[in-house]
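Novice: Below are the sequence and a predicted model; questions follow.
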Amino acid sequence: AMMRFLRCISGLHAIPRSHINARPHSFGMGVMSDGMAPLRSYEPFLDVMAQMENPLIGIAVAAAFTGLIQSSAATTGIVIVMASQGFVNLPTGIALAFGANIGTCVTALLAAIGKPREAVRAALVHILFNVAGVIIWIGFIGQLADFVEWISPQYPELDGSARLAAEVPRQIANAHTLFNVANTFLFIGFTTQFARLAEWLIPDRPLGEEMLLVRSKYLDEDLLATPSLALDRVRLETLHMGERVEEMLARIMPAILSGNRETLRDIERMDDAVDTLHAQIIAYLAKISRQSLTEAQTGELIRLMDAVNDLENIGDIIETNLIVLGNERIDAGVSISQPTREVLSELHAAVTRSVEAAVHAVAQRNELAARTVTSMKQEISHIADSAAVHQARRLVAEEPNRIPAYTIEIDIIEKLKRIYYFAKRMAKTVPTADSSEVL
């Protein structure tokens, strides 16, 4: 039926000369209106319009048509023109406008293809909003029609179809506006629930599966032609990578002190995701470097590359060195004393704070966070020195396996200091107020 309608309105007659001087905003509507005029006596088309009086059919047809042309505004415009020709009454026009709101969801679905799960969830929320709005209103089309008739201009001097043609287009436009505004106010208080529903319908992948399929969240090939935007995405992806390194760092100390081999293997596998993200970021930076960059953008690219490499080095220290120390503790049957645990945990907490601040400094170009990292040097050196003195005193304690325990504990201190070294290097890649340039 819709195809018959399209064939009818296409190529019926040329644009009238009267439209040449028409106002720009009314030109297209005038062309469609004149093109539809012959359909007043076309029986198949009138039969189709009669079927549209069933709101479910009207919604379905308008949704399908909007999905095909990717424009709810175009569909609504056609509906308004049909109303101006007297082809549809107000309830039918409202149902078609509702269908246009559902059909426009196809655009969101197409845009989300191949995108991260967060993008798919955003598209799903768009669909839920539009579909739920139509479901709520479908039973109140009559009441909505009565209300917009009351608030819209009326032309009592006209009669019959002439009056309907004059009044219904504005009424449909007002109903469409009222529908969207009312739904926004209705659902704005349920944004949290919409988000949770989207997360439930599209959950995160299990940890193991996610590591196998890990990919960047923010690197967009379409932005490469605009280096400043592409570099912004690299900073966001650095935050994504940093979150994984921070999780590794948070879990490694309890695993070294009292964890088993399986716990250590889980942390070791997490570095695979870090390495994958590192490779994707470096490859993206290489593509940016092939664009025409300003001197400031080139400097920013080099700084980001250095920062990402430093972050990857932190992950490697955890995977290569600290995991090994945890296995050595298990092999030697060493039990770390409570006082030593407290000393090591204090140093670990300070180093963890420095890594978190360094990641945010790079991701947000946050000079204050960068200064926080560099200013922690004295604090971390003091804690590390105190820990070394504590270990030296413990060396003479009458405990089994004291020498192997001492070696492991001293190595842990050294590796944590090494992690801070890379965190400090990351922080130094953030330009200061004196050296920063506009990209």
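Specialist: Yep, that arrived.

Novice: burial measure for the closest residue to residue 356 other than its chain neighbours, as a count.
Specialist: Ranked by CB to CB, 6 or more residues apart in numbering and with sequence neighbours excluded, the top spatial neighbour of residue 356 is residue 246, at 5.8 Å. Just so you know, the C-beta spots here come from the backbone N, C-alpha and C atoms, and that holds for glycine as well. When neighbours are counted by other CB atoms under 10 Å, residue 246 registers 17.

Novice: Could you do the one 10 residues further on as well?
Specialist: Taking other CB under 10 Å as the neighbour definition, residue 256 ends up with a count of 28.

Novice: what's near enough to touch it?
Specialist: By CB atoms under 8 Å, 6 or more residues apart in numbering, residue 256 lies in contact with 264, 322, 325-326, 329, 412.

Novice: picking that back up, what separation do you get for the residue nearest to residue 356 and residue 232?
Specialist: 21 Å (CB to CB, to the nearest Å).

Novice: Now, the contacts of residue 256 that are in helices?
Specialist: Counting by DSSP state H, those place 264, 325-326, 329, 412 in helices.

Novice: Turn those residues into TSV, columns for neighbour count, distance to residue 84 and pLDDT.
Specialist: Shown next, in TSV, are those (neighbours: other CB atoms under 10 Å; distance: CB to CB, whole Å; pLDDT from 0 to 100):
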residue	neighbour count	distance to residue 84	pLDDT
264	23	73	90
325	18	79	89
326	26	76	88
329	24	82	85
412	26	79	89
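
Novice: Reformat the residues you listed as CSV; add distance to residue 179.
Specialist: Compiled in CSV, the ones in helices among the contacts of residue 256 are given as follows (distance: CB to CB, whole Å):
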residue, distance to residue 179
264, 57
325, 64
326, 60
329, 65
412, 63
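
Novice: can you give me the strands for the stretch 251-400 of the chain?
Specialist: Taking DSSP state E, counting those that start in this stretch as the criterion, the stretch 251-400 of the chain carries no strands.

Novice: Show me the shaky parts of it.
Specialist: For the stretch 251-400 of the chain, applying pLDDT under 70 flags the ranges 391-400.

Novice: can you map out the helices along it?
Specialist: 261-289, 295-316, 323-331, 338-364, 367-375, 377-395 (DSSP state H, counting those that start in this stretch).

Novice: Out of these, which is closest to residue 251?
Specialist: Smallest distance to residue 251 across the helices of the stretch 251-400 of the chain (CB to CB): 5.4 Å, for helix 261-289.

Novice: Does the closest one pack against any helices or strands, and if so which?
Specialist: helix 207-212, helix 227-258, helix 295-316, helix 323-331 (3 or more CB pairs under 8 Å, 6 or more residues apart in numbering; DSSP states H and E).

Novice: Make JSON lines out of those and add distance to residue 94.
Specialist: Converted to JSON lines, these look like this (distance: least, CB to CB, whole Å):
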{"stretch": "helix 207-212", "distance to residue 94": "45"}
{"stretch": "helix 227-258", "distance to residue 94": "41"}
{"stretch": "helix 295-316", "distance to residue 94": "52"}
{"stretch": "helix 323-331", "distance to residue 94": "64"}
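
Novice: Go through those helices and name the closest to residue 92.
Specialist: Judged by CB to CB, the one of the helices and strands packed on helix 261-289 that comes nearest to residue 92 is helix 227-258, at 45.1 Å.

Novice: Identify each buried residue in the closest one, please.
Specialist: Buried residues in helix 227-258, counted by 16 or more other CB atoms under 10 Å: 227, 230-235, 237-242, 244-246, 248-249, 251-253, 255-257.

Novice: ok, now which ones touch the residue nearest to residue 274 when sequence neighbours are not counted?
Specialist: Take residue 274 and drop its neighbours on the chain: the residue closest to it by CB to CB, 6+ apart is residue 315, 4.1 Å away. By CB under 8 Å, 6+ apart, the contact set of residue 315 is 244-245, 248, 271, 274-275, 278.

Novice: Which one of the residues you listed is nearest to residue 380?
Specialist: residue 245 (17.6 Å).

Novice: now the residue nearest to that closest one when sequence neighbours are not counted: how far from residue 378?
Specialist: Spatially, and ignoring its direct neighbours in sequence, residue 245 is nearest to residue 315 (5.0 Å; CB to CB, 6+ apart). Distance of residue 315 to residue 378, given as CB to CB: 26 Å.

Novice: ok, now residue 64?
Specialist: Taken as CB to CB, the span from residue 64 to residue 378 is 68 Å.

Novice: Over to residue 83?
Specialist: Counting by CB to CB, the gap from residue 83 to residue 378 is 76 Å.

Novice: So which of these two has more stuff around it?
Specialist: In this view residue 83 and residue 378 are compared by other CB under 10 Å, and residue 83 has more residues nearby, 25 against 8.

Novice: tell me the SS of the more buried one?
Specialist: helix (DSSP: H, G, I helix; E, B strand; the rest coil).

Novice: can you check the one 5 residues further on too?
Specialist: Of the three states, residue 88 takes coil under three-state DSSP.

Novice: about what we covered before: got the helices of the stretch 251-400 of the chain as JSON lines, with distance to residue 425 columns?
Specialist: Formatted as JSON lines, these follow (distance: least, CB to CB, whole Å):
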{"stretch": "helix 261-289", "distance to residue 425": "15"}
{"stretch": "helix 295-316", "distance to residue 425": "5"}
{"stretch": "helix 323-331", "distance to residue 425": "22"}
{"stretch": "helix 338-364", "distance to residue 425": "8"}
{"stretch": "helix 367-375", "distance to residue 425": "9"}
{"stretch": "helix 377-395", "distance to residue 425": "12"}
